[in-house]
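Participant: all I have is the shape, not the residue letters:
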């Protein structure tokens, strides 16, 4: 069934229509054994100094129009892309968390249909309801008030992805969505601080930008006893902030495929995953790689390649109409890993724990995300490497 679903990624889509692109790049063609696919960023590249962009990528046709993420069978219509059962099986996660844990999602701008869209996703996969009405989903602005910011299609798509991935990995957790007033690093840092002040013990951040001028915001991303995840990037080799902040769990991306092996899955480094040696931040004491004198990115990884993307229900564009789509990018990994932290309930020294628990992870040993002289900075290898960190989850032992 999984192999058929993966093939549907290549062949089984229908056009949603000519939705205006939210980013400033044409779609990227990615060639795999089963054929070529196209995907594009949902947030604009190069937003400027002190400004971040989200790292979600959505499957499209060859000119950038979104594709309907549904495949039809003779009896039912199911979303394309990996769903919660697939992801939990791939990473051997059985824990479901409980309502005493709040996992926060921090993003920029507004998303008025967040609760309604999340309800569709969770109902599709038989997850318990999590809405603003029943108190499971909490939505606030960066200052913990209800003056929610204006809608941004790309960032709203990012939020849909994040909410769905937290739900997939921690279906019984409460979720807090904190919407920053803008994509400025300072606004997002304020939102992170607010999330923690309001009770979040896990905070997911699926965005990043240049390290330049970020020192004044870095403290917001380091809190004792709070697991703070950040996506490593979606444009290949190169460090970004806040993934390079010393207190963050930096999450890279992989290509995840069903396989005829003992695990039932195979993974390689995704070519778009970010990684790199920070030019700004000191090396944490728990990082033990040899060639980078400062903070090395990443620490851990999860599925990120849009080819092996995840099912998401969310807005298709500026009109806020919602549909099923397939997403990738390291924006998948930050909330997915954050959800696992929520499900396990164990968070003290979270990043350090990953580095001393490598035996509890799947070591990813092939693939690369750029050119770095053959070093582990951008080339997957036995043991630690930049694109995939110490590996991908295999149960909760590293959490």
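Facilitator: Looks like it came in fine. All of these numbers come straight from a predicted model, not from anything done at the bench.
Participant: the closest residue to residue 194 other than its chain neighbours: how many residues sit nearby?
Facilitator: Excluding the flanking residues, the one nearest residue 194 by C-beta to C-beta, 6 or more residues apart in numbering is residue 144, at 4.9 Å. All C-beta spots, glycine's among them, are computed from the backbone N, C-alpha and C. Neighbourhood size, residue 144 [other C-beta atoms under 10 Å]: 15.
Participant: for residue 335, see how far away residue 144 is.
Facilitator: 21 Å (C-beta to C-beta, to the nearest Å).
Participant: three-state assignment of the closest residue in space to residue 303 that isn't next to it in sequence?
Facilitator: Leaving out its chain neighbours, the residue that sits closest to residue 303 by C-beta to C-beta, 6+ apart is residue 256, at 4.1 Å. Secondary structure assignment for residue 256 (DSSP: H, G, I helix; E, B strand; the rest coil): strand.
Participant: secondary structure element holding the residue nearest to residue 194?
Facilitator: Using DSSP states H and E, residue 144 sits within no helix or strand.
Participant: renumber starting at 2 from here on
Facilitator: From this message on, residue numbering opens at 2, which makes the last subject residue 145.
Participant: hmm, the residue nearest to residue 304 is touching residue 308, no?
Facilitator: No - counting by C-beta atoms under 8 Å, residue 257 stays clear of residue 308, with 9.3 Å between them.
Participant: give me the neighbour count for residue 110.
Facilitator: Residue 110, neighbours per other C-beta under 10 Å, totals 23.
Participant: now residue 276
Facilitator: So residue 276, with other C-beta under 10 Å, has 35 neighbours.
Participant: number of nearby residues for the nearest residue to it once chain neighbours are set aside?
Facilitator: In space, and not counting its chain neighbours, residue 276 is closest to residue 387: 3.1 Å by C-beta to C-beta, 6+ apart. Residues near residue 387, counting by other C-beta under 10 Å, number 34.
Participant: contacting residues for residue 387?
Facilitator: 238, 253, 276-277, 297-299, 370, 373, 377-380 (C-beta atoms under 8 Å, 6 or more residues apart in numbering).
Participant: of those, which is the most crowded?
Facilitator: Busiest of these [other C-beta under 10 Å] is residue 276, holding 35 neighbours.
Participant: related to what we said a few turns ago, pick out whichever of residue 257 and residue 308 has more residues nearby.
Facilitator: Applying other C-beta under 10 Å to residue 257 and residue 308 shows that residue 257 carries more neighbours, namely 27 against 24.
Participant: partner residues bridging the more buried one?
Facilitator: residue 268 (DSSP bridges).
Participant: thinking again about what came up before, tell me how far the residue nearest to residue 276 lies from residue 369.
Facilitator: Distance from residue 387 to residue 369, by C-beta to C-beta: 9 Å.
Participant: so what's residue 39 closest to, chain neighbours aside?
Facilitator: Per C-beta to C-beta, 6+ apart, closest to residue 39 is residue 28, 4.1 Å.
Participant: the one you found and residue 328: what is the separation?
Facilitator: Residue 28 is 14 Å from residue 328, by C-beta to C-beta.
Participant: so which residues of the stretch 2-151 of the chain form strands?
Facilitator: In the stretch 2-151 of the chain, the segments counted as strands under DSSP state E, counting those that start in this stretch are 15-16, 29-33, 36-42, 54-55, 58-61, 68-69, 71-73, 78-80, 103-109, 138-142.
Participant: for these, which one sits closest to residue 86?
Facilitator: strand 78-80 (11.4 Å; C-beta to C-beta).
Participant: give the contact list for the residue nearest to residue 39.
Facilitator: Taking C-beta under 8 Å, 6+ apart as the test, what residue 28 contacts is 39, 40, 41, 61, 62, 63, 64, 65.
Participant: same thing but at 7 Å, please
Facilitator: If a contact means C-beta atoms under 7 Å, 6 or more residues apart in numbering, then residue 28 has 39, 40, 41, 61, 63, 65 as its contacts.
Participant: one more: residue 281?
Facilitator: 212, 216, 245.
Participant: drop anything exposed from those.
Facilitator: Listed as buried from those are 212, 245; burial here means 16 or more other C-beta atoms under 10 Å.
Participant: of the contacts of residue 281, which is the nearest to residue 166?
Facilitator: Using C-beta to C-beta, those come closest to residue 166 at residue 245, 21.9 Å.
Participant: mind checking pLDDT for residue 55?
Facilitator: pLDDT recorded at residue 55 is 97.
Participant: same deal with residue 383?
Facilitator: So, for residue 383, pLDDT stands at 96.
Participant: distance of the spatially closest residue to it that is not a sequence neighbour from residue 32?
Facilitator: Nearest residue to residue 383 in three dimensions, chain neighbours excluded: residue 366, at 5.3 Å (C-beta to C-beta, 6+ apart). Residue 366 is 22 Å from residue 32, where distance means C-beta to C-beta.
Participant: pLDDT weak spots in the stretch 2-151 of the chain?
Facilitator: 2-25, 69, 72-78 (pLDDT under 70).
Participant: mind listing the helices for it?
Facilitator: 3-12, 85-91, 115-125 (DSSP state H, counting those that start in this stretch).
Participant: count the residues that sit near residue 194.
Facilitator: Residue 194 - counted by other C-beta under 10 Å - has 21 other residues nearby.
Participant: check the secondary structure at it for me.
Facilitator: helix.
Participant: am I right that it is in contact with residue 221?
Facilitator: Yes - at 5.0 Å, residue 194 counts as touching residue 221 under the criterion of C-beta atoms under 7 Å.
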